[in-house]
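1. fold the following.
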Amino acid sequence: MNHIKKISYVLADTTSRNELEKHLRLILKDIENLTGNIILFITDLYLIFDAKQIEDHDKLHSIIGPRTLSKYRTYNETNPIFEEYFQYVLVKETSVNDCISILRGVKLLILDLSLVTAAELTNRYIPNPYSPEKTIENKHRQGQLLIEVVGPDAIIEKVSRMTGIASSKLSKTENDRLLTLRDHLYKKIIGQNDAIHSVVKVIQNRARFGKPNKPIGLFLFLGSNSVGKTELAKTLALELFDSTEKLISIDMNKYTTSNSIAQLFDSSFEGMRQQPYAVILFNQIEKVHPQFWNNLSQVLDHNHSLNEKHVNVDLTNTILIFKSNVVAQIILEKSENFLLTNVKFDEKMSQTIKDFVIKNVVLHFPKNFIRHVNDVVFFQPLTYNQLSSIIQLQVISIEERFKEKNIKISLTNKAIQSILQKSYKLFSGVGPVKDHIEKHITSYLSTVVSHGHIRIDTDVNDQYQLSIEK
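-> Predicted structure coming up:
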C-alpha cells in the first residue's frame with residue numbers, strides 16, 4: 001500500500017512549529033493503523049523532518065523523499081540527520097524510448113506518432129523538468145486544446161511556442177540535418193572546406209555508429225587567429241541545434257590555478273544539464289592549469305562528475321571543441337616565403353604547414369587528452385580571394401542590422417579591393433578586415449540612417465561607394 005502526503009497541504013493548516021508537529025503525529029498514527037507494508041512518500045521532506053518522530057514509529061520502514069539534485073545539495077547534504085537515516089539514490093532521466101513507453105500508459109486520445117514527436121522534441125528542446133514529466137505536461141497542454149485527435153503537427157506547434165524555435169526547424173529530422181550539413185557549412189564558412197569535411201565526417205559517423213554516452217564529436221581546432229574556428233562552432237550550433245545560443249563558450253584563461261578547475265567542471269556540467277543539446281567551445285586551452293586534462297580524461301572515461309556523489313554526465317548530444325591559437329607562431333615561422341600580396345597560396349606549401357602542425361601538436365597537449373580526440377582539425381590561413389568573399393558575407397550581415405529600415409546594401413568591386421588593401425594582413429585572418437568594415441562603413445551607416453540622411457550610391461568617408469536601395 002502506498003500512502004502519499006503533500007507537505008504543502010499540511011503546512012497550509014498550521015501556524016506554528018508545535019501545531020505542525022501535532023499534525024505530523026496524527027498522520028503517523030493514522031499510518032500505523034493501516035495494514036500491510038507501508039511506503040511513506042513525502043514531498044519537500046526537508047521542511048518538516050524530525051528523525052525522532054519517524055524513529056519512534058517502528059512500522060515505518062520505507063520512506064521516500066524526492067529531491068532535485070540542486071535542492072538536495074542545498075538542504076539535505078547540510079543536515080546530518082538525512083545522512084544518518086536516508087540512503088542517497090540517483091534517479092536518472094528516462095531515455096526517449098522509455099519515455100515513449102510511459103506516455104502510452106497516460107490515457108489521452110493522441111496519435112502514437114505524436115507520442116514519439118513529443119518525447120523527441122521535449123528531450124531536445126526543453127531541458128527542465130526532466131522526462132517523462134515535461135513530456136506528459138506538454139501532452140496534457142495539447143489535450144486541453146479540446147482537439148479530438150492530437151497529431152504531430154500540433155505537438156510541433158506547441159513546442160515551437162514554448163521554445164521560440166520555428167516549427168519548420170523543429171520538423172526536420174536528424175537525417176535531414178546531417179544530409180545538408182556540409183553544404184550549409186560550405187556556404188557560411190569561407191576557405192575552410194577541409195576543416196568542414198573533417199568535422200562533418202565525424203558527426204555523420206557518430207550518428208551511424210556512435211557509442212552510448214559519448215560526445216557526438218570531440219575536436220581539437222588549430223589555426224591562427226580569426227580564420228573561422230569560432231565561426232564554425234557557432235554555425236554547428238545553429239545547423240544542428242537550431243540556435244547560436246546552443247553554443248556554450250568557456251574562456252580557459254580564467255582557470256589557471258588548480259583550485260579553479262573544480263569550479264570549471266561544476267559550471268560546465270550545469271551548462272550541459274540546462275542545454276543537453278549543445279556545442280561546448282573551450283577557448284585558449286593552452287592556458288588552462290594542467291589538472292584540467294586529468295579531470296577531463298576521468299569524465300570522458302567514466303561519464304560522471306568528479307565530486308563525491310559521482311553524478312552522471314550525459315555527453316550523448318554534445319559536441320566538444322577545444323580551440324588553440326598556439327600554432328599561430330608555428331604557421332608564421334613556416335610560411336616566411338609567402339608574399340603578402342599572394343592571391344592564392346601554394347597548395348603544396350599549405351599541406352606542408354598542416355602536416356607539420358598536426359605532427360607536433362602532441363608536444364603541446366597531454367596524451368591522455370589526445371587519445372580522446374576524434375579529429376585534429378587544422379584551419380588554413382585565409383587568402384586574399386577568400387577574404388574578398390567574406391566581405392560579401394559581411395555586407396549581408398550589415399543588411400540584417402538595418403532590416404527594419406528595408407535597406408539593401410552592396411559594395412562595388414573597387415570598394416572591396418580598397419578595403420583589402422587597407423586592412424589585409426597575412427596570417428591575421430578576417431579580424432582586421434572586420435574591424436575596418438565596422439569602423440569605416442558600419443558606424444557611418446548607423447549615423448546616416450539614424451539621421452535619415454540616406455542617399456543612393458553613397459560614398460562612405462569619400463572612400464567606399466555603396467549601392468543603397470530602399
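2. count of residues packed around residue 360?
-> 11 (other CB atoms under 10 Å). Backbone N, C-alpha and C define where each C-beta goes, glycine included.
3. ok so it is a helix residue?
-> Yes. Counting by DSSP: H, G, I helix; E, B strand; the rest coil, residue 360 is part of a helix.
4. distance check, it against residue 222.
-> 10 Å (CB to CB, to the nearest Å).
5. overlap in contacts, the two.
-> The contact sets of residue 360 and residue 222 do not overlap (CB atoms under 8 Å, 6 or more residues apart in numbering).
6. can you get me a residue count around residue 275?
-> Residues within reach of residue 275, counting by other CB under 10 Å, total 21.
7. and for residue 34?
-> Counted with other CB under 10 Å, residues neighbouring residue 34 total 11.
8. cool, the one 5 residues further on as well?
-> Applying other CB under 10 Å, we find 13 residues neighbouring residue 39.
9. find the nearest non-adjacent residue to it, please.
-> Nearest in space to residue 39, with sequence neighbours left out and distances taken as CB to CB, 6 or more residues apart in numbering, is residue 62 at 4.4 Å.
10. same thing with residue 86?
-> Closest residue in space to residue 86, ignoring its immediate chain neighbours: residue 65 at 7.0 Å, by CB to CB, 6+ apart.
11. and that neighbour, what's its pLDDT?
-> pLDDT for residue 65: 75.
12. quick one, what contacts residue 230?
-> 249, 281, 283, 323.
13. for these, give me a markdown table that also has distance to residue 19, secondary structure and pLDDT.
-> Shown next, in a markdown table, are those (distance: CB to CB, whole Å; DSSP: H, G, I helix; E, B strand; the rest coil; pLDDT from 0 to 100):
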| residue | distance to residue 19 | secondary structure | pLDDT |
| --- | --- | --- | --- |
| 249 | 52 | strand | 92 |
| 281 | 54 | strand | 95 |
| 283 | 56 | strand | 93 |
| 323 | 60 | strand | 93 |
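14. which residues does the residue nearest to residue 39 contact?
-> 37, 38, 39, 40.
15. now neighbour count and distance to residue 199 too, for the contacts of residue 230, in JSON lines please.
-> Listed next are these as JSON lines, based on neighbours: other CB atoms under 10 Å; distance: CB to CB, whole Å:
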{"residue": "249", "neighbour count": "14", "distance to residue 199": "17"}
{"residue": "281", "neighbour count": "24", "distance to residue 199": "13"}
{"residue": "283", "neighbour count": "21", "distance to residue 199": "17"}
{"residue": "323", "neighbour count": "23", "distance to residue 199": "13"}
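16. which one of those is nearest residue 116?
-> residue 281 (31.7 Å; CB to CB).
17. that closest one pairs with what?
-> Judged by DSSP bridges, the bridge partners of residue 281 are residue 249, residue 321.
18. do I have it right that it meets residue 246?
-> No. With contact defined as CB atoms under 8 Å, residue 281 does not count as touching residue 246 (10.9 Å).
19. number of residues surrounding the residue nearest to residue 86?
-> 17.
20. before we move on, back to that, highest neighbour count among the contacts of residue 62?
-> residue 40 (21 neighbours).
21. show me the strands in the stretch 201-350 of the chain, by range?
-> Assigned by DSSP state E, counting those that start in this stretch, the strands in the stretch 201-350 of the chain fall at 217-223, 247-251, 278-283, 318-324.
22. can you list contacts of the second one?
-> In this case it means strand 247-251. Identification of contacts with strand 247-251 by CB under 8 Å, 6+ apart yields 230, 233-234, 236-237, 264, 268, 271-272, 275, 278-284.
23. one more pass at 6 Å, please.
-> Here strand 247-251 makes contact (CB atoms under 6 Å, 6 or more residues apart in numbering) with 233, 234, 237, 271, 278, 279, 280, 281, 282, 283.
24. which of those residues lies closest to residue 173?
-> residue 237 (18.3 Å).
25. from residue 296, how far off is the closest one?
-> Counting by CB to CB, the gap from residue 237 to residue 296 is 21 Å.
26. so where's the stretch 201-350 of the chain shaky on pLDDT?
-> Where the stretch 201-350 of the chain drops to pLDDT under 70, the residues are 210, 212, 270, 273, 303-313, 327-350.
27. need the contacts of strand 247-251 in TSV with distance to residue 200, can you?
-> Compiled in TSV, these are given as follows (distance: CB to CB, whole Å):
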residue	distance to residue 200
233	14
234	16
237	14
271	25
278	18
279	14
280	18
281	17
282	21
283	22
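28. which of these count as buried?
-> Buried members of the contacts of strand 247-251, scored by 16 or more other CB atoms under 10 Å, are 233, 234, 237, 278, 279, 280, 281, 282, 283.
29. you'd agree the fourth one is up against residue 243?
-> No. Residue 278 is beyond contact range of residue 243, at 9.7 Å (criterion: CB atoms under 6 Å).
30. thanks again, I'm all set now.
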